[in-house]
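K.L.:
Quick one: sequence and predicted model below, then my questions.
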Amino acid sequence: QVQLVESGGGLVQAGGSLRLSCAISGLTFSSYTMGWFRQAPGKEREFVAAISWTIGNPYYTDSVKGRFTISRDNARNRVYLQMNSLKPEDTAVYYCTARRYSNWDYWGQGTQVTVSS
């Protein structure tokens, strides 16, 4: 059974930082591209960042470039999202997800991030 469990969300003031973690089990972690999406109230879920199974070449949505960093630890089956210089518009539920080929196959339950102004 595949499980993705996010942690690290919370309430932070604008300009602050949070580090999200996602623990993955039940799949061959090193074979999957890992990603983070987010969904704000009343909005569609949107892509935030992803990192392939080969270490390196992470990619980001434009609104978080230079502020967020995605990383992965293949030895521990974990993926991280370091979020700096947070803005109120970053407020959302953040989801960890895994992709083997073209579709995001597995999703976590989400963790709430709230940035106050």
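P.N.:
Sure thing, it's come through.
K.L.:
where does the protein have low pLDDT?
P.N.:
Per-residue confidence for the chain (pLDDT under 70) gives these ranges: 55-56.
K.L.:
which residue is nearest the centroid of it?
P.N.:
The centre of the chain sits closest to residue 36, judged by Cα atoms, centre = their mean, with a distance of 2.9 Å.
K.L.:
ok so that residue is a strand residue?
P.N.:
Yes. Under DSSP: H, G, I helix; E, B strand; the rest coil, residue 36 sits within a strand.
K.L.:
got the contact list for it?
P.N.:
With contacts defined as Cβ atoms under 8 Å, 6 or more residues apart in numbering, the neighbours of residue 36 are 20, 22, 48-50, 70, 79, 81, 94-97. C-beta here means a position set from N, CA and C on the backbone, and glycine is covered the same way.
K.L.:
one more time with 6 Å
P.N.:
Residues in contact with residue 36 (Cβ atoms under 6 Å, 6 or more residues apart in numbering) are 48-49, 81, 94.
K.L.:
Can you say which two of those residues are spatially most distant?
P.N.:
Between any two of those, the greatest separation by Cβ to Cβ is 10.2 Å, found for 49 and 94.
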